[in-house]
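Engineer: When you get a sec, could you give me coordinates for this:
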Amino acid sequence: MSTRTTSDKIDPVIESRADMIGVFAGGEKPPERWRIGTEHEKFVYRTSDHSAPSYDAPDGIRNLLMALTRYGWEPVMEGDNVIALSGADGAISLEPAGQLELSGAPLENIHQTCAETGRHLKQVKEVGAELGLGFLGLGMWPDKTRAELPIMPKGRYAIMLRHMPRVGTMGLDMMLRTCTIQTNLDYASEADMVKKFRVSLALQPLGTALFANSPFTEGKPNGFLSYRSNIWTDTDPHRTGMLPFVFEDGFGYERYADYMLDVPMYFVFRDGKYIDAAGLSFRDFLEGKLSVLPGERPTVGDWNDHLSTAFPEVRLKSFLEMRGSDGGPWNRICALPALWVGLLYDQGALDAAWDLVKNWSIEDHQKIRDAVPKEGLCTVMPDGRTMQDLGKQVLDIARSGLNARGQVNSMGDNESGFLNPLQDIVDSGMSPAHQLLEKFNREWKGDLGRVYDELSF
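Structural biologist: Sure, this is the predicted structure:
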């Protein structure tokens, strides 16, 4: 999740609807300026007993962050607490229960993305070895109850933790017990954004199936391949889901702004602190009628904060965020941006991907989304084929898109090789969760502690 920082820059008050739409329009870039941002989270645990370290404990999360400053990272403070780091490779931040996230810098190609990931993992593993900490690549804590997990001292999380149980049964699980990999991508125009949004939203369930990696809850199988994805179905209906209006005629910046105006607020950030505005209306805020800040009107920064509090499968800010995939190992961190860049950053590939999904109904989109957390690549598509069949087509398109980009490394390899882990998955028809369940039942003989040996970075 986003980390807000104080700034000396004057934040303009929103004077009109155009100021809100301008945040989206301001993200438009010509193709030569399109970049790739990759975010990945991992669980932090003590190697001695697999427990989750608290923030203030000896060799805990605070010490982990401070130790990483030796690599040039600068602390980001909230009050007296370091809650994030900033540096040349982007930002390192904390999820609510201490999950560690790298929000990578905007980069030109997947080779750079994978090198950035490698630098980050090398750094955290070096520090972790000194502190007795390990890092686990899964979509959900496999063996922890909510009560066993610490809470990080971030103001926005305190507000969300209070609010989540009011609107769904699994919001606390989302905050405390899940990890994801995300990719952030650019668009050239409103029309380009619309097509990319529609294609990526329609195919987000495929990303869920390919990366499904959360089949355990509290030490035993939970009946799902991606329980992380299932958690989103009862987190908060006002700010999650497949956004059917994206596929309707006339969708664009204005329609997404209307959606966000209907999403209830969480907070307002003032003077380095979070003010609880959970459940209140941003429309009231625009009219100076927000009860917690009477007479005050929002700034563009407040609007950007609000945009970060919706959690649909694909999210629009001044770029598009792909949000449907579970956390996982290094090669899948590199594979996710390869998948979406291959599909969305080459016009021929984008057109071909749209041809695959353009005739699906809104009901089709929802049916697929509902089935995938349990059925993965076996999910039946509208034409009677399986998600595995669709995956083979989509990977062929993504590979052609990456080949067309012609971004090669020093060895002359283009970006298409980063799709190989996904090709292995789709060829086998087995999501990563299937493989974990098979090991749990056979090789591990029901000992889930073995997951720390095999899924740690």
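
Engineer: For the rest of this, base every contact and every neighbour count on C-alpha atoms.
Structural biologist: Will do.

Engineer: these two touch, right, I333 and F211?
Structural biologist: No: if you go by CA atoms under 8 Å, I333 and F211 don't touch, sitting 9.8 Å apart.

Engineer: out of the two, which sits in the busier spot?
Structural biologist: Applying other CA atoms under 10 Å to I333 and F211 shows that F211 carries more neighbours, namely 30 against 26.

Engineer: can you pull the contacts of that one?
Structural biologist: S325, D326, G327, G328, R332, S431, P432 (CA atoms under 8 Å, 6 or more residues apart in numbering).

Engineer: tally of neighbours for the closest residue to the third one other than its chain neighbours?
Structural biologist: Looking back up the chat, that one is G327. Excluding its sequence neighbours, the residue lying closest to G327 (CA to CA, 6 or more residues apart in numbering) is T180, at 4.0 Å. T180 sits with 24 neighbouring residues when counted by other CA under 10 Å.

Engineer: just the one 10 residues further on next, same as before
Structural biologist: Each residue near E190 was counted by other CA under 10 Å, and the total is 16.

Engineer: Report the contact partners of it.
Structural biologist: A25, E28, G252, Y253 are the contacts of E190 under CA under 8 Å, 6+ apart.

Engineer: what are the bridge partners for Y187, then?
Structural biologist: Per DSSP bridges, residues listed as beta-bridge partners of Y187: E28.

Engineer: List the contacts of it.
Structural biologist: Contacts for Y187 were tallied using CA under 8 Å, 6+ apart; they are G27, E28, K29, P30, P31, W34, M193, K196, F319, L320.

Engineer: which residues touch the longest strand seen in the chain?
Structural biologist: The longest strand of the chain (DSSP state E) is strand 36-46. Residues outside strand 36-46 that contact it (CA under 8 Å, 6+ apart) are 51-53, 98-110, 113, 132-138, 141, 179-186, 327-328, 333, 337, 341.

Engineer: any chance you could map the helices in the stretch 301-450 of the chain?
Structural biologist: Remark: helices assigned in the stretch 301-450 of the chain by DSSP state H, counting those that start in this stretch are 330-344, 347-357, 362-375, 387-405, 420-428, 432-441, 450-455.

Engineer: Now tabulate those in JSON lines and tack on mean pLDDT and distance to I159.
Structural biologist: Listed next are those as JSON lines, based on pLDDT from 0 to 100; distance: least, CA to CA, whole Å:
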{"stretch": "helix 330-344", "mean pLDDT": "98", "distance to I159": "30"}
{"stretch": "helix 347-357", "mean pLDDT": "98", "distance to I159": "38"}
{"stretch": "helix 362-375", "mean pLDDT": "98", "distance to I159": "28"}
{"stretch": "helix 387-405", "mean pLDDT": "98", "distance to I159": "38"}
{"stretch": "helix 420-428", "mean pLDDT": "98", "distance to I159": "38"}
{"stretch": "helix 432-441", "mean pLDDT": "98", "distance to I159": "33"}
{"stretch": "helix 450-455", "mean pLDDT": "96", "distance to I159": "32"}
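
Engineer: and of the ones you listed, who's closest to N230?
Structural biologist: helix 362-375 (5.8 Å; CA to CA).
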